[in-house]
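K.L.:
Sequence first, then the predicted structure, then my questions.
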Amino acid sequence: MRHFKGKAVWAVLNRLAMGLGLIALFSAILLFSDLAHRKTASAASSKAGTQAFASGRIVKAAIVYFARDVGTDQCVQGLIDGLNASGFEEGRNLEIRRADAQGEMINIPAILQNYDSSDVDLIMTITTPCLAGACNKVKHKPVVFTCVTDPIAAGAGKSRTEHLSFLTGVGSFPPVGRTLDMMRKLVPGLRAVGMMYNPAEANSVRELSVAREVFRSRGVRLEEIAIAGSNEVLQAVQILAGRDIQAVWVPGDNTAIEGYEGAVKGARDAGLPLITDECTALPRGGLACLGVGLHQAALAAGKLAGRVIQGANPQDLPLAEVAVEEMGISRSNAAQLGIAIPAEYSQNLRP
C-alpha cells in the first residue's frame, strides 16, 4: 500500500513538473516574440516616418507629459524647436498632438496605448513617469524622451548604447554635489537638510541614492520623508521642520514640484530656506534653485526626433546626456530670511 501511494505521489509530481516546464517554455516564447515584434514594429514605423517625410505628407507626432507647468512648457517648446531645426514645422509638414496625464501616474498607460495604436509616426515623452510608461506599454511606435533624470533607472536599457530598440532620447542628471555646496554657502553651519520624494518615481529614487552618499561624505544629515501625492507636500515639510533641520530641499520629483506651494508655505511658516532642483519653480517661492536647463535638453531631444522621422533607427542612436546647469537665488526671499548672499552668486540673483 505504501509503495502504491509513493508511486502515485511521484506521478503527480512528474505531471506538475512537466506542467511548470511547459508554462516556462511558453512564457519564454511569448517574451521573445514580443521583443521581436517591438523591433519589427519600430523599424516599420521608422520606415513609415521616412516615407511620410519623403512624400511630403504631414508627419504626426504625439507629446505625452505628466502635468502642465512652466517646466513642462519649456520641455515642449524645446522639442518643437529641435524639430524645427530638423526641418519640421507645425502647420506646414508637422502635426503635434499633446496629452496631459494631469499629474496622475495611473493615466499614463492608457494615454500611451492610445497613441501607440493611432496613426502618429512618433511618440515623444516628457518626465520619468512617462518614459517608464513608454518602456512598458509602447509596442508599435518609436519613442523619443526628454526632461528625464536617469533614463537607465527608468527602464530604458542597460547603458546609453545598449537600450530598448524602439526608443532614444536625452537624460539630464541634476548636480547634487554642487547643490549641497550652494546650500552650505547660503546657510553657514548647515547640519541637516530635509527633503521629500515619491518612491514611485524612479528619478527620485535614483537622485536620493546619490544624495545620501554625497551628504554623508560631506557630514550633513539628510532627513527624508516619502510622499504619495502632491497634497502631502505641506505636511511633509511640517514633519521635517520638527527634525532639527536648517533647510528644505525639493528635488526634481514630479509629485513634489506639483505640490510646490505646500513646500513654500511649510518652509515659510517654519522660517526655513527652501532650495529646489527646478528653477522654473523658483518664481512660485523659495530661496534658491540649482538644476539643469530643461529647454536645452528638450532641444537636443527634438533634433533626435527629427532624425528618427527622417529614417534613423532609434536603436542606432545612443541615449544622450545634456545637463546645462541653471541657478537662481531670490533676493527678496533671502532678505526675509536674513540670509547674506555670497558675492560669487551676484550674477544669479532674481527678484
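P.N.:
All right, it came through fine.

K.L.:
Shouldn't residue 75 be within a strand?
P.N.:
No. Counting by DSSP: H, G, I helix; E, B strand; the rest coil, residue 75 is not part of a strand but helix.

K.L.:
nearest residue to the most centrally placed residue in the chain other than its sequence neighbours?
P.N.:
Nearest to the geometric centre of the chain sits residue 128, at 2.1 Å (Cα atoms, centre = their mean). The shortest distance from residue 128 to any non-neighbouring residue, by Cβ to Cβ, 6 or more residues apart in numbering, is to residue 203 (3.8 Å). Using the backbone N, CA and C atoms, a C-beta is placed for each residue, glycine as well.

K.L.:
could you show me where the helices are in the chain, in order?
P.N.:
All helices of the chain, identified by DSSP state H, fall at 2-55, 70-85, 108-116, 128-137, 176-186, 202-218, 233-241, 254-258, 260-270, 294-309, 331-337.

K.L.:
pull the CA atoms of the shortest one into PDB?
P.N.:
Coordinates of each C-alpha in helix 254-258 appear next as PDB, following Å, rounded to 0.1, in the frame of the first residue of the first chain:
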ATOM      1  CA  ASN A 254       7.300  65.500 -10.200                       C
ATOM      2  CA  THR A 255       4.900  64.900  -7.300                       C
ATOM      3  CA  ALA A 256       6.800  67.400  -5.000                       C
ATOM      4  CA  ILE A 257       7.000  70.000  -7.800                       C
ATOM      5  CA  GLU A 258       3.300  69.700  -8.500                       C
END
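
K.L.:
Contacts made by it with the rest, please.
P.N.:
Here helix 254-258 makes contact (Cβ atoms under 8 Å, 6 or more residues apart in numbering) with 66-67, 69, 71, 103, 127-129, 196-198, 201, 203-204, 227-230, 233, 250, 263, 276, 278, 281.

K.L.:
List the contacts of the residue nearest to residue 128.
P.N.:
So residue 203 contacts 127, 128, 148, 149, 150, 153, 154, 252, 253, 254 (Cβ under 8 Å, 6+ apart).

K.L.:
ok now do the third one, which residues does it touch?
P.N.:
Neighbour list for residue 148: 127, 128, 131, 154, 169, 170, 171, 172, 203 [criterion: Cβ under 8 Å, 6+ apart].

K.L.:
Same question for the second one.
P.N.:
Under the criterion of Cβ under 8 Å, 6+ apart, the contact list for residue 128 reads 148, 149, 150, 153, 154, 201, 202, 203, 254.

K.L.:
measure the nearest residue to the third one once chain neighbours are set aside to residue 89 for me?
P.N.:
Going back to what we said before, that points to residue 150. The shortest distance from residue 150 to any non-neighbouring residue, by Cβ to Cβ, 6+ apart, is to residue 206 (4.5 Å). Counting by Cβ to Cβ, to the nearest Å, the gap from residue 206 to residue 89 is 36 Å.

K.L.:
And for residue 348, the neighbour number?
P.N.:
16 (other Cβ atoms under 10 Å).

K.L.:
Quick check, pLDDT for it.
P.N.:
Note for residue 348: predicted pLDDT of 96.
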